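J.: any chance you could fold what I've pasted below:
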Amino acid sequence: MDLELRHLKTIRTIADAGSLTKAAARLGLAQPALSAQLKRIERTLGGRLFERGRFGVRPTALGEFVLERARVVLPAISELQQEAVRFTSAGGAVAGLRLGGTHGPLLGGLVDRLATVRPGVPVTTFTTWSEREIAASVTAGRLDFALIGACGESPAPESERLSWREVAVDPVFVMLAESHPLAGKREIGLAELAAEAWADVPGDGCFADCFTLACARAGFTPTRVYETDTASCIHLVQVGRAAGLCRATLPPTPGMVTRPLAGTPLTWRHLVGWHPGTPAADSAAEVVTQARAAHADAAARSDSYTQWLADHGDPADHRNAADPGPPWGAEGRAAAPGRSWPPSVTDYP
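T.: Numbering: from 1, shown residues only. I've put the predicted structure just below:
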């Protein structure tokens, strides 16, 4: 039997899991089948790779030697596959633009603007609630650009591989039914909503933790949080079952209002990311510019956000109270003092 990559992955999985039972579950195999496969691999390599005991398995000296090589070979092969996908997908030129985005008002605006300025270039989209999935797809070459959000000052995913630019920083607003007793207020203190159930879209960043911390600082713990899709969140708000958390750019919706939270306890950063080693990177400046214009369009359509901007100015000055560090560029560098709003693409080189 010749040694194959799948055999190296099996060895690494066994070592990481610490037992054949756990490794078999991760690999989707029955334990006897995994044991038989391991014996064949050991025969090929000339010796035992793991010592078996009552507390699981641990690598032998030969096993450590093979694992050391596997930890070099497997990432190298993965990188080769990603580079090959990017090369094949690009074909040496940007035939189209593949955008990935979380559910929100900016992706449609960006597609519309790109279709206007590049009428001959096809634009395709992919959406999911997972910012990490979108970023991983850009890294792997399956998408050209990511349009995602990040809570407060939290870092963007895949930050070591992708280039990121900040599009805008928004305060997080609350959605209430038009009939809600607080709907007529200009701003609402978070503590005034202590008795409410809440609705929000899911995500894999730190927003849920930041919201819980903001509530704790306001003196309460949320009684219930419904994590669901945008349409369901809006429905729960409209019928009075919950207060909803939303980006300030959420468009006007019948049956409900959006209102700022006093003191801006939560903020949301819109980011555009891409892989610098692909032909699509040549279009990055234009994509960022159009994303910022789409954000400005969305902000202008919201009366509550327009009023908030008139009252408070630059949203970048209202970072999460839970993480009051200085504004920083989307690639982790400190933003220059006195930068303009919205920032230009050269603000974060």
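J.: excluding its backbone neighbours, what's nearest residue 194?
T.: residue 220 (3.8 Å; C-beta to C-beta, 6 or more residues apart in numbering). C-beta here means a position set from N, CA and C on the backbone, and glycine is covered the same way.
J.: right, and the helix or strand after the helix-or-strand element of the chain with minimal mean pLDDT?
T.: For the chain, scoring each helix and strand by mean pLDDT, DSSP states H and E identifies helix 61-90 as the least confident one, at a mean of 80. For helix 61-90, the succeeding helix or strand toward the C-terminus, using DSSP states H and E, is strand 97-101.
J.: contacts for that next one?
T.: 107, 110-111, 114, 118, 121-128, 134, 137-138, 142-148, 280, 283, 287 (C-beta atoms under 8 Å, 6 or more residues apart in numbering).
J.: got the angle for that strand vs helix 61-90?
T.: Here strand 97-101 runs at 120 degrees with respect to helix 61-90, directions being taken by axes from the mean of the first three to the mean of the last three C-alpha atoms, to 10 degrees.
J.: just checking, what packs against the least confident helix or strand of the chain?
T.: With contacts defined as 3 or more C-beta pairs under 8 Å, 6 or more residues apart in numbering; DSSP states H and E, helix 61-90 has these neighbours: helix 5-17.
J.: tell me what angle the following helix or strand past the helix it packs on forms with helix 5-17.
T.: Proceeding N to C from helix 5-17, the next assigned helix or strand is helix 20-27, under DSSP H and E. Between the direction of helix 20-27 and that of helix 5-17, the angle (the same axes, to 10 degrees) works out to 130 degrees.
J.: mind saving the C-alpha coords of helix 20-27 as CSV?
T.: Taking Å, rounded to 0.1, in the frame of the first residue of the first chain, the C-alpha atoms of helix 20-27 are listed here in CSV:
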residue,chain,number,x,y,z
LEU,A,20,-9.6,5.9,18.4
THR,A,21,-13.2,6.2,19.4
LYS,A,22,-13.2,10.0,19.1
ALA,A,23,-11.2,9.9,16.0
ALA,A,24,-13.6,7.5,14.3
ALA,A,25,-16.5,9.7,15.2
ARG,A,26,-14.7,12.8,13.6
LEU,A,27,-13.9,10.8,10.5
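J.: buried stuff in that helix?
T.: Counting neighbours by 16 or more other C-beta atoms under 10 Å, one finds that the buried residues in helix 20-27 are 20, 22-24, 27.
J.: identify the single longest strand in the protein, thanks.
T.: Secondary structure of the chain read by DSSP state E shows that its longest strand is strand 163-177.
J.: who touches the helix or strand that that strand is followed by?
T.: Next in sequence after strand 163-177, counting helices and strands by DSSP H and E, comes strand 198-200. Counting by C-beta under 8 Å, 6+ apart, the neighbours of strand 198-200 from elsewhere in the structure are 175, 207-208, 211, 222, 224-228, 232-233, 236-237, 241-245.
J.: next: stretch 24-39.
T.: Here stretch 24-39 makes contact (C-beta under 8 Å, 6+ apart) with 7, 10-11, 13-14, 17, 20-21, 23, 49-50.
J.: now the two most distant members of the residues you listed.
T.: Farthest-apart pair in the contacts of stretch 24-39 is 7 and 21; separation 19.4 Å (C-beta to C-beta).
J.: need the contact list for the nearest residue to residue 47 once chain neighbours are set aside.
T.: Nearest non-adjacent residue to residue 47, counting by C-beta to C-beta, 6+ apart: residue 62, 4.6 Å away. With C-beta under 8 Å, 6+ apart as the criterion, the residues that contact residue 62 are 45-49.
J.: state the distance from residue 56 to residue 37.
T.: Using C-beta to C-beta, to the nearest Å, one obtains 18 Å as the distance from residue 56 to residue 37.
J.: give me the neighbour count for the residue nearest to residue 9 when sequence neighbours are not counted.
T.: When the adjacent residues along the chain are set aside, residue 9 lies closest to residue 74, with 6.6 Å between them (C-beta to C-beta, 6+ apart). Residue crowding around residue 74 was assessed by other C-beta atoms under 10 Å; the count is 15.
J.: and if you look at residue 49?
T.: Residue 49 has 23 neighbours, counted by other C-beta under 10 Å.
J.: and it, backbone torsions?
T.: phi -100, psi -20 (degrees, to the nearest 10).
J.: that one contacts residue 66, doesn't it?
T.: Yes - when contacts are counted by C-beta atoms under 8 Å, residue 49 is listed as touching residue 66 (6.2 Å).
J.: check which helix or strand residue 124 maps to.
T.: strand 123-127.
J.: which strands and helices sit next to that strand?
T.: Using 3+ C-beta pairs under 8 Å, 6+ apart as the contact criterion, the elements in contact with strand 123-127 are strand 97-101, helix 105-117.
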